[in-house]
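Q: Take a look and give me a structure for this.
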Amino acid sequence: MKLDIRTDFTKFPRAVSVLTAGGAGAVTPYDRAVLAHDERHLRRRVIETAGGDRVLVDLPEPIILGDRDRLVLEDGRHVEIVAAEEPLYDIRAESAVHLAELAWHIGNRHLAAAIEAQRILILRDHVIKAMLEGLGATVSDVSKPFMPVRGAYSGHGHDHGHAHAKTHAHSHVEAHSHAQSDTHSHSHSHSHDHDSHSHD
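A: Predicted coordinates for the structure are as follows:
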């Protein structure tokens, strides 16, 4: 959400802490916010609820919110976070080893990916689809919430005074080897700074 620089943020309710999904007990959220995977990685930003309210998220450090997590406002009210459906590819392999190989190629291109036992999910990109099909993958279109794997070096903890036992998936497959054995060579002229995109 883009706001005028002159916006008076003090008029918005302020979310100051987070509860994991299921950690709110019997408290019913007063509203919900439907957010895509990249919008759920935040620290200080205004979000809009389904009911049209604007809430200033003002957390002590960056955090990756999962589906059904709660933002806790200063007045004690809760906003439930709902993972938005996104256009994805459902990638299937011929075997477990083949799936691991596909994950390597995806990670080598620094793509966010959700890795499951039988499939990999990534955001749609027709160039990547062609590459994967060329590697023998079966690729189909799906629309569902995207929960990509959180990178090992993302450095975003989840301890905000609450039990955050649940691991929230975000960032990238960390198979970042650029070995010459990758026969589908490509240019890496772009810089890939894991912390380059601001979420404030």
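Q: From now on I want contacts and neighbour counts done on CA atoms only, so please keep to that.
A: Fine.
Q: So for stretch 81-97, what gets flagged as buried?
A: Neighbour-count burial for stretch 81-97 flags 81-84, 86-93 (criterion: 16 or more other C-alpha atoms under 10 Å).
Q: neighbours around the residue nearest to residue 28 when sequence neighbours are not counted, how many?
A: Once flanking residues are discounted, residue 28 sits nearest to residue 78: 7.3 Å by C-alpha to C-alpha, 6 or more residues apart in numbering. Residues near residue 78, counting by other C-alpha atoms under 10 Å, number 23.
Q: what's near enough to touch residue 78?
A: Applying C-alpha atoms under 8 Å, 6 or more residues apart in numbering, we find residue 78 in contact with 27-31, 70-72.
Q: Check residue 69 too.
A: Neighbour list for residue 69: 18-22, 80-82 [criterion: C-alpha under 8 Å, 6+ apart].
Q: Neighbour-wise, which one of these leads?
A: Taking other C-alpha under 10 Å as the neighbour criterion, residue 18 ranks highest of the contacts of residue 69 with 27 neighbours.
Q: Could you find the closest non-adjacent residue to it?
A: That would be residue 71: by C-alpha to C-alpha, 6+ apart, it lies 4.8 Å from residue 18.
Q: In TSV, list the contacts of residue 69 along with secondary structure, distance to residue 97 and pLDDT.
A: Listed next are the contacts of residue 69 as TSV, based on DSSP: H, G, I helix; E, B strand; the rest coil; distance: C-alpha to C-alpha, whole Å; pLDDT from 0 to 100:
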residue	secondary structure	distance to residue 97	pLDDT
18	strand	38	95
19	strand	37	94
20	coil	34	92
21	coil	33	90
22	coil	35	84
80	strand	38	97
81	strand	35	97
82	strand	33	97
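Q: what sits against the most centrally placed residue in the chain?
A: Geometric centre of the chain, nearest residue: residue 37, 3.4 Å, by C-alpha atoms, centre = their mean. Each residue near residue 37 by C-alpha under 8 Å, 6+ apart is listed here: 83-84, 145-148, 170.
Q: From these, which land in strands?
A: Taking DSSP state E as the definition of strands, the contacts of residue 37 contribute 83, 145.
Q: Mind pulling up the pLDDT for residue 97?
A: Predicted confidence (pLDDT) at residue 97: the value is 98.
Q: part of a strand, is it?
A: No - under DSSP: H, G, I helix; E, B strand; the rest coil, residue 97 sits outside any strand and is assigned helix.
Q: distance of it from residue 119?
A: 12 Å (C-alpha to C-alpha, to the nearest Å).
Q: same thing with residue 56?
A: Taken as C-alpha to C-alpha, the span from residue 56 to residue 119 is 36 Å.
Q: Could you dump the contacts of residue 37 into a markdown table with pLDDT added?
A: A markdown table is the format used below for those (pLDDT from 0 to 100):
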| residue | pLDDT |
| --- | --- |
| 83 | 97 |
| 84 | 97 |
| 145 | 97 |
| 146 | 97 |
| 147 | 94 |
| 148 | 94 |
| 170 | 38 |
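Q: which two in the contacts of residue 37 are spaced the farthest apart?
A: Farthest pair in those (C-alpha to C-alpha) is 84 and 170. Separation: 14.2 Å.
Q: what's the offset of the strand or helix carrying residue 140 from the middle of its chain?
A: For residue 140, the host element (DSSP states H and E) is strand 138-145. The chain centre lies 16 Å from the centre of strand 138-145; the measure is C-alpha atoms, centre = their mean, to the nearest Å.
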